[in-house]
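*Asks:* Please work out how this folds:
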Amino acid sequence: MSRPRPKAVTLTDAAAERVKALMERSGKGYLRVGVKNGGCAGMEYVMDYVEAPEPLDERVEDKGVEIVIESKALLFLLGAQIDYETTALHSKFVFRNPNETDACGCGESVTLVPAQLQE
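*Replies:* Next up is the predicted model:
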């Protein structure tokens with residue numbers, strides 16, 4: 001009997017609802033999540049619409065929506081939770097990531113280390 005494989009990332013209910021709404025309006029196939037070098041802390045989270053996942057992308061289905069994780073970002077995002085917050089000043093996706101070691105003061109960039117294998 002095999003054990004279910006844990007999800008690379010999870011979505012809150014709010015994030016899943018927002019992804020569903022965005023995908024209905026976009027007409028694209030998937031929302032792709034990744035990271036890129038940038039910002040004062042070193043890395044930034046990125047989200048893009050794509051027609052189809054790249055061959056090595058990780059497909060994640062959670063709460064009725066499917067997103068893809070860019071293959072080169074997977075180790076930086078393992079265990080992260082994606083939320084969607086609305087306040088008086090902003091509406092945005094928020095990443096709660098155990099691989100973050102630091103963040104800039106404005107909250108736009110982070111320092112990430114790749115997830116380590118558990119022994």
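*Asks:* Bridge partners for Arg32, pull those for me.
*Replies:* Arg32 forms beta bridges with Asp48, Val68, as assigned by DSSP bridges.
*Asks:* Touching, it and Ser71? I think so.
*Replies:* No - taking contacts as C-beta atoms under 8 Å, Arg32 lies outside contact range of Ser71: 10.4 Å. Yep, even glycine has a C-beta here, placed from its N, CA and C like the rest.
*Asks:* Of those two, give the one with the bigger neighbour count.
*Replies:* Between Arg32 and Ser71, Arg32 has the larger neighbour count (other C-beta atoms under 10 Å), namely 20 against 14.
*Asks:* Do you know the pLDDT at the more buried one?
*Replies:* Note on Arg32: pLDDT of 97.
*Asks:* still on that earlier bit, show me whatever sits in contact with both of Arg32 and Ser71.
*Replies:* Between them, Arg32 and Ser71 have Asp57 as joint contacts when contacts are counted by C-beta atoms under 8 Å, 6 or more residues apart in numbering.
*Asks:* Can you spell out which residues form a bridge with Val60?
*Replies:* Beta-bridge partners recorded for Val60 (DSSP bridges): Ile67.
*Asks:* Could you measure from it over to Ile67?
*Replies:* 5 Å (C-beta to C-beta, to the nearest Å).
*Asks:* who has more neighbours, those two?
*Replies:* It is Ile67, of Val60 and Ile67, that has more neighbours when counted by other C-beta under 10 Å, with 24 against 18.
*Asks:* buried stuff in stretch 31-45?
*Replies:* Of all the residues in stretch 31-45, those buried under the rule 16 or more other C-beta atoms under 10 Å are 31-35, 39, 41-45.
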